[in-house]
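# sequence first, then the predicted structure, then my questions.
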Amino acid sequence: VRAIEAADLIIDGMLGIGGRGGLREPYATLAGHASRAIATIVACDLPSGVDADTGVVSGAAVRADVTVTFGTYKPGLFVDPGAEHAGVVELVDIGLGPYLGDPDACLPQAADVDLWIPRARRESNKYRRGVPGVLAGSETFTGAAVLSVGGAVRGGAGMVRFASARHSVELVRHHWPEAVTSVVEDSLSGVGRVNAWVAGPGMGTDERAETLLSEVLSTDLPVLVDADGLTVLTRRRDLLWRSAPTVLTPHAGELARLLGTEADQAEARRLDHV
């Protein structure tokens, strides 16, 4: 313990990728002392106490500043709570590439996403660059509307169509005059053609919100559902039975409501709940 308290650098190599079920003594106590020390902590392959496949932390675990992992990345290094214990993750190639199978998961980085985004060309116009529809905000919750439309505009869309209650529409017109806006009550019939929908932020959870979300999900377009839209889905999960691409973006509490469980359980075992 004194050595740990006096150290400038701690290298954690107590447990490898085969460890399961959390740290046992005396390793749990050592991990606790290390995590409270002022030294920089470097973990070998993964922090001891983190499940390499799932990121689950059962009890005590080392909290590293840097994790140097070997051969390939482990899923548990990027899924909380394991990711929080891993710190900055660095990969060292030890020649395993030719012997590895297909990955269990892919984690796109900024450079990957940058390659996926279509580049505007000379002949590009607003329709060729994509037209998302944003169903967000309400008379009560207006900030979500402004932020959602701003994200769509800044994301490179050719044109953004926004549908909401009158007050949210007024604010979006002020902040983002380039967006095409429509005041809607219980139908999206006058919004115009879009290529995909974002639905949910700040739209409320009342009968009107359910009607509009139902209309969006009844289309054959890709739909991303977030925030209040996810709350509506907790009572209308039948709306998810659709063939078009559907993306849900819940935080732990929203996911727990969708699954009928508790938020702390979803946070502790994220991959299981996903």
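Looks like it came in fine.
# identify each buried residue in stretch 213-225, please.
213, 215-217, 221, 223-225 (16 or more other C-beta atoms under 10 Å). Using the backbone N, CA and C atoms, a C-beta is placed for each residue, glycine as well.
# tell me the one among those nearest to residue 139.
Checking the buried residues of stretch 213-225 against residue 139 with C-beta to C-beta, the nearest one is residue 213 at 16.9 Å.
# which of the three states applies to the closest one?
helix (DSSP: H, G, I helix; E, B strand; the rest coil).
# if I look at it, how far off is residue 248?
Distance, residue 213 to residue 248, by C-beta to C-beta, to the nearest Å: 12 Å.
# tell me which two in the buried residues of stretch 213-225 are the farthest apart.
The most widely separated members of these, counting by C-beta to C-beta, are 215 and 224 (15.4 Å).
# which parts of the stretch 101-250 of the chain are helices?
110-116, 143-154, 166-175, 207-217, 228-235 (DSSP state H, counting those that start in this stretch).
# okay if I get these as TSV plus mean pLDDT?
Formatted as TSV, the helices of the stretch 101-250 of the chain follow (pLDDT from 0 to 100):
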stretch	mean pLDDT
helix 110-116	89
helix 143-154	96
helix 166-175	98
helix 207-217	97
helix 228-235	96
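# looking at those helices, which is closest to residue 84?
Here helix 110-116 is closest among these (C-beta to C-beta), at 20.2 Å.
# what's the distance between that closest one and the middle of its chain?
Relative to its parent chain, helix 110-116 has a centroid offset of 16 Å by C-alpha atoms, centre = their mean, to the nearest Å.
# again with stretch 66-76
On C-alpha atoms, centre = their mean, the centre of stretch 66-76 falls 20 Å from the chain's centre.
# with stretch 17-32 instead?
Relative to its parent chain, stretch 17-32 has a centroid offset of 29 Å by C-alpha atoms, centre = their mean.
# hmm, who's touching that stretch?
For stretch 17-32, contacts defined as C-beta atoms under 8 Å, 6 or more residues apart in numbering pick out 4, 12, 14-15, 45-46, 48-49, 51-52, 57-62, 74.
# strands - which of these land there?
Among the contacts of stretch 17-32, the members falling in strands (DSSP state E) are residue 12.
# all strands of the stretch 1-150 of the chain, in order?
9-12, 40-44, 66-70, 88-92, 132-135 (DSSP state E, counting those that start in this stretch).
# as CSV, could you dump the C-alpha coordinates of the last one?
These are the backbone C-alpha positions of strand 132-135, laid out as CSV (Å, rounded to 0.1, in the frame of the first residue of the first chain):
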residue,chain,number,x,y,z
PRO,A,132,-34.5,15.5,-43.3
GLY,A,133,-37.8,16.2,-41.5
VAL,A,134,-37.5,17.2,-37.9
LEU,A,135,-40.6,16.7,-35.6
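# strand partners (parallel or antiparallel) of that strand?
Counting by DSSP bridges, the strands paired with strand 132-135 are strand 161-164 (parallel), strand 196-199 (parallel).
# again with the first one
Pairing partners of strand 9-12, with direction, according to DSSP bridges: strand 40-44 (parallel).
# would you mark the buried spots in the strand it pairs with?
Within strand 40-44, the residues that count as buried by 16+ other C-beta under 10 Å are 41-44.
# shared neighbours of residue 213 and residue 248, anything?
Contact with both residue 213 and residue 248 is made by residues 225, 233, according to C-beta under 8 Å, 6+ apart.
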